[in-house]
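Student: Give me a model of this one.
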Amino acid sequence: LNFLPSGPGILTRTLLNAGVRVVALESNSAFLPNLQSLENSLDGQLKVIYGDFFRLDPLTGMVKPPAMCSDKLFETMGVAAVPWRADVPVRIFGILPQKKERNTLWRLLFALYECNSIYRYGRVELNIFISEKEYKVLTAKPGEVRAYQALTVLWQIGCEIQLLHMEPWSSFVTNLKNGGLAVPKSTWLPNDHLCLVRLTPQQNLFTRGLKPTNSATFIFMVKQCLAKPKSRLTDRLNSWSLDNGGKLQRALEIPKNAETRNLYPEDYRRLFEALQNSNMFTETWFHDEVLESIRNIN
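Tutor: Numbers count the residues shown, from 1 in each chain. Below you'll find the predicted structure:
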């Protein structure tokens with residue numbers, strides 16, 4: 001089953017022409033009549049739903065269309081939850097709204113690690129167009145100035161990331177009045193394309209101590225470490241009042257003077273597991289900071 005948060009554009013028609021079954025979410029009611037006419041002509045291949053994928057499961061307030069709840073959406077699609085290690089139950093295709101791109105990536109990330117929203121149903125695969133600058137962040141390597149961030153580490157641990165296609169902005173955006181392209185500005189990273197990226201959740205994500213119930217603590221730990229990427233890991237551990245930080249680094253074979261921006265994603269996972277075993281994260285102050293961090297992101 002392929003699910004598409006989009007109207008009758010190129011993505012919809014490409015999928016339909018390939019012969020796959022498509023559920024299309026349309027947030028603009030003006031486009032619904034044409035989509036519903038297309039639905040009626042395709043003998044069950046296309047199902048159209050009035051809704052906005054990027055407004056699934058609002059955190060606060062009433063759920064008013066086109067916002068909707070994921071459980072209602074998946075019930076309408078006839079999709080049941082499957083175990084995490086099972087095959088991908090649903091493939092989603094779409095284009096991230098540029099004005100809320102970073103915020104949307106964070107919300108999806110929290111849903112992934114906590115098995116909430118669409119991820120309650122298993123390892124839902126995202127095939128989404130994102131800006132080149134955000135793609136560079138998601139795939140950055142340790143030590144890359146500006147690109148290597150907490151978002152990098154967390155997405156690389158959580159998902160297999162595949163670049164499927166790069167398309168120039170000129171294929172998507174309308175020219176401005178002065179003749180230039182309406183491309184989001186980027187000072188430090190290249191941003192000449194939209195990138196079609198596949199994000200497939202890792203089957204082994206919730207093993208070796210990482211669980212949906214403690215994942216918020218893991219996210220907070222990574223964010224804290226990379227808030228000042230040039231800082232030494234030793235200093236960060238000391239700031240958490242961890243007396244055996246040096247011993248812990250030696251056990252993990254992390255150099256004493258290593259900066260947080262030079263640790264690989266797997267290093268952060270190993271660090272988290274070691275800290276979990278040391279019972280360091282049971283301290284009340286740390287949980288309070290985790291909750292405050294989550295509120296700020298949300």
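
Student: buried sites along stretch 35-47?
Tutor: Neighbour-count burial for stretch 35-47, counted by 16 or more other CB atoms under 10 Å, picks out 35, 38-39, 46-47. The way it works is simple: take the backbone N, C-alpha and C, and place the C-beta from them, glycine included.

Student: quick one: the helices in the stretch 1-150 of the chain?
Tutor: 10-17, 32-40, 70-77, 101-114, 132-138, 150-158 (DSSP state H, counting those that start in this stretch).

Student: what would the buried residues of stretch 35-47 look like in a markdown table with pLDDT and distance to V222?
Tutor: Shown next, in a markdown table, are those (pLDDT from 0 to 100; distance: CB to CB, whole Å):
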| residue | pLDDT | distance to V222 |
| --- | --- | --- |
| L35 | 89 | 41 |
| L38 | 90 | 44 |
| E39 | 93 | 43 |
| L46 | 92 | 40 |
| K47 | 92 | 38 |
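
Student: okay if I get those residues as CSV plus distance to W84?
Tutor: CSV is the format used below for the buried residues of stretch 35-47 (distance: CB to CB, whole Å):
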residue, distance to W84
L35, 33
L38, 35
E39, 32
L46, 29
K47, 26
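
Student: quick one: which two of the residues you listed are the most distant?
Tutor: Largest separation among those by CB to CB: L38 and K47, giving 10.9 Å.

Student: where does this structure have low pLDDT?
Tutor: 1-8, 172-185, 187, 241-243, 279-298 (pLDDT under 70).

Student: just the strands in it please.
Tutor: 2-4, 22-26, 46-50, 91-95, 125-131, 159-168, 193-201 (DSSP state E).

Student: K223 touches A150, doesn't it?
Tutor: Yes. K223 is within contact range of A150, at 4.5 Å (criterion: CB atoms under 8 Å).

Student: Comparing these two, which residue is more hemmed in?
Tutor: A150 (22 against 18; other CB atoms under 10 Å).

Student: so how far is I49 from that one?
Tutor: 34 Å (CB to CB, to the nearest Å).

Student: Out of the buried residues of stretch 35-47, which comes closest to A86?
Tutor: Using CB to CB, the buried residues of stretch 35-47 come closest to A86 at K47, 23.0 Å.

Student: Quick check: closest non-adjacent residue to the closest one.
Tutor: V23 (4.7 Å; CB to CB, 6 or more residues apart in numbering).

Student: Could you measure from the one you found over to Y113?
Tutor: 25 Å.

Student: repeat for S215
Tutor: Applying CB to CB to S215 and Y113 gives a distance of 4 Å.

Student: Between the helices of the stretch 1-150 of the chain, which one is closest to D57.
Tutor: helix 70-77 (5.4 Å).

Student: The closest one versus strand 46-50: what angle between them?
Tutor: 150 degrees (axes from the mean of the first three to the mean of the last three CA atoms, to 10 degrees).

Student: Next up, the contacts around L108.
Tutor: L126 (CB atoms under 8 Å, 6 or more residues apart in numbering).

Student: let me redo that: E125
Tutor: 88, 90-92, 198-201.

Student: Please apply the same query to N238.
Tutor: Here N238 is in contact with G245 (CB under 8 Å, 6+ apart).

Student: One more pass at 10 Å, please.
Tutor: Going by CB atoms under 10 Å, 6 or more residues apart in numbering, N238 touches 232, 245-246.

Student: okay if I get these as CSV plus distance to W106?
Tutor: Below are these laid out as CSV (distance: CB to CB, whole Å):
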residue, distance to W106
R232, 26
G245, 28
G246, 33
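
Student: most neighbours, which of these?
Tutor: In terms of neighbours by other CB under 10 Å, the contacts of N238 top out with G245 at 21 neighbours.

Student: distance of that one from T234?
Tutor: To T234, G245 is 6 Å away according to CB to CB.

Student: Equivalent analysis for V90, please.
Tutor: Distance of V90 to T234, computed by CB to CB: 44 Å.
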